[in-house]
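Asker: below are the sequence and a predicted model for it; my questions follow.
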Amino acid sequence: MGINFEQMKIEERKKNTIVAYLLWWFLGLFGAHRFYMGKSLAFVMLGVSLMSFITLVIFVGYVGLLVMFVWWIIDGISLHKWVMAYNIALIEEYERKSAL
């Protein structure tokens, strides 16, 4: 019985739901979970968060932080679906390559 290195590579590339949620919980306002998942708008989330924290002094940042909080909640709801879709796409890619 041989070791299938392709399957080992796939297991290594899979995203972990627990890691994704830990990043979301602790660093979510900075978009760490989006960077981990390779999602678009991660830099936008980081930029809005940083600008909001910087402008807290003049009370404009509260609006940005409110927007970021809502965005953070929506991402938390969607995160499990993102991880599952990413992992399924990896498996399908492997199966497609294996069929050739």
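Answerer: Alright, I've got the coordinates.
Asker: residue ranges in this protein under the pLDDT threshold?
Answerer: Where the chain drops to pLDDT under 70, the residues are 1-3.
Asker: just the helices in it please.
Answerer: Listed in chain order, the helices found in the chain under DSSP state H are 5-13, 17-27, 32-37, 42-54, 61-99.
Asker: ok, E6 - contacts?
Answerer: Residues in contact with E6, defined by Cβ atoms under 8 Å, 6 or more residues apart in numbering, are 94, 97-98. (Each C-beta comes from the backbone N, C-alpha and C, glycine too.)
Asker: neighbours around S49, how many?
Answerer: Here the neighbour count serves as a burial measure; for S49 (other Cβ atoms under 10 Å) it reads 22.
Asker: returning to that earlier point: most tightly packed of the helices of the chain?
Answerer: Mean neighbour counts were taken over those using mean count of other Cβ atoms under 10 Å, and the top value, a mean of 21, falls to helix 32-37.
Asker: ignoring the adjacent residues along the chain, who's closest to I54?
Answerer: Spatial nearest neighbour of I54, excluding adjacent residues (Cβ to Cβ, 6 or more residues apart in numbering): G61 at 6.8 Å.
Asker: my guess is that neighbour meets V48, correct?
Answerer: No - counting by Cβ atoms under 8 Å, V48 is not a contact partner of G61; they are 10.0 Å apart.
Asker: what's the end-to-end length of stretch 53-63?
Answerer: From the first residue to the last, stretch 53-63 extends over 10 Å; the measure is Cα to Cα, to the nearest Å.
Asker: name the residues that touch that stretch?
Answerer: 51-52, 64-65.
Asker: next: stretch 71-89.
Answerer: With Cβ under 8 Å, 6+ apart as the test, stretch 71-89 has contacts from 14-17, 20-21, 24, 28-29, 33-34, 37-39, 45.
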